[in-house]
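Novice: My questions concern the predicted model and sequence given below.
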Amino acid sequence: MIDPELTGRTPLGTAPPTANLAEILERVLDKGIVIAGDIKIDLLDIELLTIRLRLFVSSVDTARRAGIDWWETDPALSSRAARDALAEENAQLRRRLEALESGGDVGELSPVGGEERRDG
């Protein structure tokens, strides 16, 4: 009998399990996959540049379970975060306007986009 490994064929009824692209993608997104690597550029044993690459590929739910949710607070990626940032800026402008109208010292409030600063 000819060895199936040598011919690339398998005996009848013993076909290897196959997975299509959708199944593989579903598994990767369900479990997540981490790809890590470093790129180093040296010249005459002097390190000029090091780049560390870390890539985490997963579904949103898997990323949340892993404690990764930065896209929810980035105004460039989340409309809710953008609204929250706009509301905070609006509140800071209102506080500054109230301070101006009441004759208070506006210098104790930081510019828009920063935190309030109280001297003393």
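Specialist: Looks like it arrived, so ask away.

Novice: does E47 sit in a helix or strand, and which one?
Specialist: Assigned by DSSP states H and E, E47 falls within strand 46-57.

Novice: what's that strand in contact with?
Specialist: Strand 46-57 has contacts (CB atoms under 8 Å, 6 or more residues apart in numbering) with 28-29, 32-42, 63, 66, 68. Backbone N, C-alpha and C define where each C-beta goes, glycine included.

Novice: can you check stretch 80-87 too?
Specialist: 72-76.

Novice: Weed out the non-buried ones from these.
Specialist: Among the contacts of stretch 80-87, not one counts as buried by 16 or more other CB atoms under 10 Å.

Novice: one step back: let's test this: mean pLDDT of the strand holding E47, rounded?
Specialist: Mean pLDDT, strand 46-57: 86.

Novice: Need the CA coordinates for it. PDB is fine.
Specialist: Taking C-alpha atoms only, strand 46-57 is exported to PDB below (Å, rounded to 0.1, in the frame of the first residue of the first chain):
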ATOM      1  CA  ILE A  46      25.000  51.300  18.400                       C
ATOM      2  CA  GLU A  47      21.200  51.100  18.700                       C
ATOM      3  CA  LEU A  48      19.700  53.800  16.500                       C
ATOM      4  CA  LEU A  49      16.100  52.800  16.600                       C
ATOM      5  CA  THR A  50      13.800  50.300  18.200                       C
ATOM      6  CA  ILE A  51      10.200  49.900  17.300                       C
ATOM      7  CA  ARG A  52       8.000  47.600  19.300                       C
ATOM      8  CA  LEU A  53       4.900  46.300  17.600                       C
ATOM      9  CA  ARG A  54       2.000  44.800  19.400                       C
ATOM     10  CA  LEU A  55      -1.200  43.900  17.500                       C
ATOM     11  CA  PHE A  56      -4.300  42.400  19.200                       C
ATOM     12  CA  VAL A  57      -6.900  41.200  16.700                       C
END
